[in-house]
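Visitor: My questions concern the predicted model and sequence given below.
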Amino acid sequence: MRIVYFDGHCNLCNRFVDFIIRRDRRQVFKFASLQGVTAKSRLPVQLLNPLSSMVLESEAEIITESSAAIKTIVGLGGVYTCALAFLLLPKFLRDWIYRRIAQHRYWWFGRRETCRVPSPQERARFLP
């Protein structure tokens, strides 16, 4: 099982989750907010404070920042495997860009007052 952990208050993060849900025809991914019970029970504390990175949990591996975003997109298969090309960029550069966007995400994209509530069709894919 692959779990995408995201900031449930972040509009950009929620749009990314929407993007993945619409394209994940094989339903490879489950989703959990970083503010939720699943994240608190499965992730190291340093990934929860501050909420500055999406996290991809895949088998026994925990991936963060740009690598998590890229590998999530690649996990969709098909044409999205082309995103592997971004892994050719040095990690320090990819993560620097990722951190700049993460640092300003509420300012640029807005913030929700409450975490995302999945639709009835999505509910089975979201963990508490």
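Guide: Now that the structure is in, tell me what you want to look at. Residues are numbered from 1 along each chain as shown.

Visitor: show me where the chain has helices.
Guide: 11-23, 37-42, 65-74, 91-109 (DSSP state H).

Visitor: what does the third one contact?
Guide: Read that as helix 65-74. With contacts defined as C-beta atoms under 8 Å, 6 or more residues apart in numbering, helix 65-74 is touched by 2, 4, 16, 20, 29, 53-56, 58, 63, 80-81, 83-84, 86-87, 91, 94-95, 97-99, 102. (C-beta placed from N, C-alpha, C; glycine too.)

Visitor: If any of the residues you listed are buried, give me the ChimeraX selection for them.
Guide: Remark: buried members of those, expressed as a ChimeraX selection using 16 or more other C-beta atoms under 10 Å:
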select :2,4,16,20,29,53,54,55,56,58,63,80,83,94,95,98,102
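
Visitor: picking that back up, hey, which of the helices of the chain is tucked in deepest?
Guide: helix 65-74 (a mean of 20; mean count of other C-beta atoms under 10 Å).

Visitor: Report the angle between it and helix 91-109.
Guide: With axes from the mean of the first three to the mean of the last three C-alpha atoms, to 10 degrees defining the directions, helix 65-74 sits at 80 degrees from helix 91-109.

Visitor: Could you check the angle helix 65-74 makes with helix 11-23?
Guide: 20 degrees.

Visitor: how distant is helix 65-74 from the center of its chain?
Guide: Helix 65-74 sits 8 Å away from the centroid of its parent chain (C-alpha atoms, centre = their mean, to the nearest Å).

Visitor: now the spatially closest residue to A83 that is not a sequence neighbour: how far from D7?
Guide: Nearest residue to A83 in three dimensions, chain neighbours excluded: I73, at 4.3 Å (C-beta to C-beta, 6 or more residues apart in numbering). Using C-beta to C-beta, to the nearest Å, I73 is found at 18 Å from D7.
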